[in-house]
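>>> no sequence on hand, only this structure:
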C-alpha cells in the first residue's frame, strides 16, 4: 500500500472510529450506572459495548494504518476531556440536555473523572512516534554473489554424510 493511500485510509478511520468508540464508551458507562442504581444488576450488554469500544480504541492506538487516525481522535477526545476542566474554572460550558440522559451520565462520569482527557493524550502521544509516519517497506533480500557456486565454509562437501564425532 502506498504511503498516500495509507494516510487517506487513516483520515477515514480517524473520522469514523473515534466517534464510534466514544459513543460506545458513553453508552456503556451510562447504562452500567443507570442499571446499577435502579436494579442493582450489571448489564452484560453494556459490558459488551464497552469491550467493543475498547477494541476499536486499541485498533486506533496499535494500528500500522496511519497516525492520522489517532491524531484526529486524540484531538477530539482531548477537547471533550478539557470541557469539564473549563467548567471547574469558569462555569457551565455545555448545556445539560445536549445528550440523551444515559449517555450524558456516561459523559459526566468519564469527563469529570479525567478519562476522556487521558485517552485523548494517549492517542496524541501514540501519533507522535516517527516510525508510524514512515511507510512500512520490506527490506530487499540480499543474496551473496557466490550463492550456489562452489562450496560453503559452513557446510561439509557432502551434506548427506553423518557428522564426524570424536
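Structure received. Predicted model, so just to flag it, every value in this text is computed and none were measured.

>>> and the residue nearest to residue 10 when sequence neighbours are not counted, how many residues sit next to it?
Excluding its sequence neighbours, the residue lying closest to residue 10 (CB to CB, 6 or more residues apart in numbering) is residue 66, at 2.4 Å. All C-beta atoms are positioned from the backbone trio N, CA, C, and that covers glycine. When neighbours are counted by other CB atoms under 10 Å, residue 66 registers 25.

>>> phi and psi next, for residue 66.
phi -170, psi 140 (degrees, to the nearest 10).

>>> same deal with residue 72?
The phi and psi torsions at residue 72 (degrees, to the nearest 10) take the values phi -60, psi -50.

>>> let me know the pLDDT of it.
pLDDT, residue 72: 92.

>>> ok, it - contacts?
11, 14-15, 18 (CB atoms under 8 Å, 6 or more residues apart in numbering).

>>> in CSV, list the residues you listed along with secondary structure, neighbour count and pLDDT.
Formatted as CSV, the contacts of residue 72 follow (DSSP: H, G, I helix; E, B strand; the rest coil; neighbours: other CB atoms under 10 Å; pLDDT from 0 to 100):
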residue, secondary structure, neighbour count, pLDDT
11, helix, 14, 89
14, helix, 26, 89
15, helix, 14, 91
18, helix, 24, 93
